[in-house]
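[1] Let me see the structure of the following:
(4 chains)
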There are 2 protein chains.
Amino acid sequence: MDSAKLSKIMKALSNQTRLELYLQIAKQSESNFETGCECFITDIVGSLSIGAPTISHHLKELANADLIITERRGKFLAARINKETLQAANAILSLIDK
Amino acid sequence: MDSAKLSKIMKALSNQTRLELYLQIAKQSESNFETGCECFITDIVGSLSIGAPTISHHLKELANADLIITERRGKFLAARINKETLQAANAILSLIDK
DNA sequence: ATATTAATTCGAAACATATCGAATTGTAAA
DNA sequence: TTTACAATTCGATATGTTTCGAATTAATAT
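    Numbering: from 1, shown residues only, chains lettered A, B, ... in the order given. Below you'll find the model as predicted:
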C-alpha cells in the first residue's frame, strides 16, 4: 500500500464521529457473527449525536476508503468491516514500532 | 485510549505529505540507531515537495498528536518517533481484525 | 560584526469538511 | 394505495486545512 492510499484511510478515521461509527460497526459485526458479521445502521443512528444525513455522508466516506462494505437489506442498510483494508494499514504501521 | 485521542492521531496522519514526513522520520530514525534514533529535519526538507513553513506546520501537528518528539540541536531540529503512541493506536485497531 | 543557514511566525488565499434542514427516494406495512 | 419509516440528495453555512511568501528569530561560521 502506498502513502496516498494509507492517508486516505487515515482521513476516513480522522473525524471522531466517523471513527465512532466505524468502531460501532466493528463491535456490532462481531456480536452478529451468524448474520455474516453485518450491522444495521438503523440500530446505530440513535447512539450517535448527529443527524441521519450526516451519518449517510460519513458512511460514504468509510466505504470510499474501503474500510467498510455496505449493502441494502430491504428498508435497511447493512454494513460490515472490510478486514483486508485494516489489516494492510496495520501491517505498515506495525513496521515502525518493531 | 479513547476515540477522541485516536481520531487526533488519525488526523495527524491523514494528510499525504504529513504522513510521508512521519514515515521518513521513522525510516531515518531506524538507520540512526546510534544517535538515539533521531533524524534531522534539514535532511528531509529536500525530499518533500513543499516549503519549509509548511513542514514546520506539519511537524507541529505530528508533535501535537504525540506521534513524534522534537528537540533542537543547535541550528537544527531533531525528530524521533514516539513509539508509545503508535503502539497504543495499533493495539486498538488490531482488536478489530482478530 | 556580518553574513549565512535552519527554522518559525504571520497573514492571506484557496480549498475541503462537517453539519444541518428540507425535500426526495426506496421499501415495506396497514 | 396511502402511510410510515429508513436512507439519500441537495443546498447552504460555518469552520478547518493546506500552502505560500514575506518577515522574523536562532544559531553558527566568516
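
[2] which parts of chain A sit against chain B?
    A:3-4, A:6-7, A:10-11, A:13-16, A:18-20, A:23, A:26, A:81, A:83, A:86-87, A:89-90, A:93-94, A:96-97 (CB under 8 Å from any CB of the partner chain). (Each C-beta comes from the backbone N, C-alpha and C, glycine too.)

[3] hang on, residue A:72 in a strand?
    Yes - under DSSP: H, G, I helix; E, B strand; the rest coil, residue A:72 falls within a strand.

[4] ok, now how distant is it from residue A:84?
    Residue A:72 sits 22 Å away from residue A:84, going by CB to CB, to the nearest Å.

[5] Contact partners for the residue nearest the centre of chain A?
    Geometric centre of chain A, nearest residue: residue A:22, 3.6 Å, by CA atoms, centre = their mean. Applying CB atoms under 8 Å, 6 or more residues apart in numbering or on different chains, one finds that residue A:22 lies in contact with A:12-13, A:62, A:67-68, A:81.

[6] ok and the residue in chain A nearest DNA strand C?
    The nearest approach of chain A to DNA strand C comes at residue A:74, 2.9 Å away (CB to the nearest atom of the strand).

[7] Need the CA coordinates for the longest helix anywhere in chain A. PDB is fine.
    In chain A, ranked by residue count with DSSP state H as the criterion, the top helix is helix A:16-31. The C-alpha coordinates for helix A:16-31 follow below in PDB (Å, rounded to 0.1, in the frame of the first residue of the first chain):
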ATOM      1  CA  GLN A  16     -14.200  11.500  15.800                       C
ATOM      2  CA  THR A  17     -17.900  10.800  14.900                       C
ATOM      3  CA  ARG A  18     -16.900   8.900  11.900                       C
ATOM      4  CA  LEU A  19     -14.400   6.800  13.800                       C
ATOM      5  CA  GLU A  20     -17.000   6.000  16.400                       C
ATOM      6  CA  LEU A  21     -19.300   5.000  13.600                       C
ATOM      7  CA  TYR A  22     -16.600   2.600  12.300                       C
ATOM      8  CA  LEU A  23     -15.900   1.200  15.800                       C
ATOM      9  CA  GLN A  24     -19.600   0.600  16.300                       C
ATOM     10  CA  ILE A  25     -19.900  -1.200  13.100                       C
ATOM     11  CA  ALA A  26     -16.900  -3.300  14.100                       C
ATOM     12  CA  LYS A  27     -18.500  -4.100  17.500                       C
ATOM     13  CA  GLN A  28     -21.900  -4.900  16.100                       C
ATOM     14  CA  SER A  29     -20.500  -7.100  13.400                       C
ATOM     15  CA  GLU A  30     -18.700  -9.100  16.000                       C
ATOM     16  CA  SER A  31     -21.800  -9.900  18.000                       C
END
